[in-house]
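1. whatever this is, show me its structure:
(one chain, ligands or ions: 2)
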Amino acid sequence: MSERESKICGYCGGEITPRHNLVICSGCNKAYHMHCWDKSGRCQTDGCEGKPVYHPAPEPEAQAPRQASSMAKDVPNYLAWAILATIFCCQPLGIVAIVFAAQASSSLAAGNYEAALKTSTMARNWCLAATVVGVVWIVLVSIAAFVLAFITEGIVMSI
Ligand SMILES: [Zn+2]
Ligand SMILES: [Zn+2]
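-> Ligands and ions are numbered 1, 2, ... in the order given. Below is the predicted model:
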């Protein structure tokens, strides 16, 4: 890769970046843009009969899988939250969240990024619902316990 960096074209004097199609002369190792070599048809060094050695720029498609895998990391996995929500908050909603989280990770493993993102969002929503319901439930139970204790104490005091 380093040999491709900052080469100067022997025909037009312009820089040849890694995104250009590069031609190296087999006779004198001079670098050219592919289109510059094609324009002149020969090496610009006096008396050089070198043949062109083509080094095409990397295809954009070659970078696509790497991009997809880096995008895949952006799909959050809510499985841990879903399990916690199931144990501590609301079991029925938490189980739905676990199902969606599991679907998201299996879609991700299959490389289906769009489906993984969709089910991941669903998992988050169900996790959120389970957590909210759980917290509300805990608050209600606490209030009920407090009121019950208060009433019981009142009854005990009145006796
Ligand atoms: Zn050039
Ligand atoms: Zn040459």
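2. C-alpha from now on. contacts and neighbour counts both.
-> Noted.
3. who's in contact with Tyr55?
-> You called it Tyr, but residue 55 is His. When contacts are counted by C-alpha atoms under 8 Å, 6 or more residues apart in numbering, His55 touches Asn21, Leu22, Val23, Ile24.
4. just Asn21 next, same as before
-> His33, Met34, His35, Tyr54, His55, Pro56, Ala57.
5. and with 7 Å instead?
-> Applying C-alpha atoms under 7 Å, 6 or more residues apart in numbering, we find Asn21 in contact with His33, Met34, His55, Pro56, Ala57.
6. can I get the CA coordinates of stretch 114-125 in CSV?
-> The C-alpha trace of stretch 114-125 is given here as CSV (Å, rounded to 0.1, in the frame of the first residue of the first chain):
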residue,chain,number,x,y,z
GLU,A,114,-31.9,-4.1,8.0
ALA,A,115,-33.9,-6.8,9.7
ALA,A,116,-31.5,-6.8,12.6
LEU,A,117,-32.0,-3.1,13.1
LYS,A,118,-35.8,-3.4,12.8
THR,A,119,-36.0,-6.2,15.4
SER,A,120,-33.4,-4.5,17.6
THR,A,121,-35.6,-1.4,17.7
MET,A,122,-38.6,-3.6,18.6
ALA,A,123,-36.6,-5.3,21.4
ARG,A,124,-35.7,-1.8,22.8
ASN,A,125,-39.4,-0.7,22.7
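7. got the buried residues for that stretch?
-> Judged by neighbour count using 16 or more other C-alpha atoms under 10 Å, the buried positions of stretch 114-125 are Ala115, Ala116, Leu117, Thr119, Ser120, Thr121, Met122, Ala123, Arg124, Asn125.
8. output these in TSV; the columns should cover secondary structure, pLDDT and distance to Ala145.
-> Formatted as TSV, the buried residues of stretch 114-125 follow (DSSP: H, G, I helix; E, B strand; the rest coil; pLDDT from 0 to 100; distance: C-alpha to C-alpha, whole Å):
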residue	secondary structure	pLDDT	distance to Ala145
Ala115	helix	88	44
Ala116	helix	91	42
Leu117	helix	89	41
Thr119	helix	91	38
Ser120	helix	90	37
Thr121	helix	90	36
Met122	helix	90	34
Ala123	helix	90	32
Arg124	helix	91	31
Asn125	helix	91	30
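9. I'd like the residues you listed laid out as JSON lines, including distance to ligand 1.
-> Shown next, in JSON lines, are the buried residues of stretch 114-125 (distance: C-alpha to the ion, whole Å):
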{"residue": "Ala115", "distance to ligand 1": "45"}
{"residue": "Ala116", "distance to ligand 1": "45"}
{"residue": "Leu117", "distance to ligand 1": "45"}
{"residue": "Thr119", "distance to ligand 1": "50"}
{"residue": "Ser120", "distance to ligand 1": "49"}
{"residue": "Thr121", "distance to ligand 1": "50"}
{"residue": "Met122", "distance to ligand 1": "53"}
{"residue": "Ala123", "distance to ligand 1": "54"}
{"residue": "Arg124", "distance to ligand 1": "53"}
{"residue": "Asn125", "distance to ligand 1": "55"}
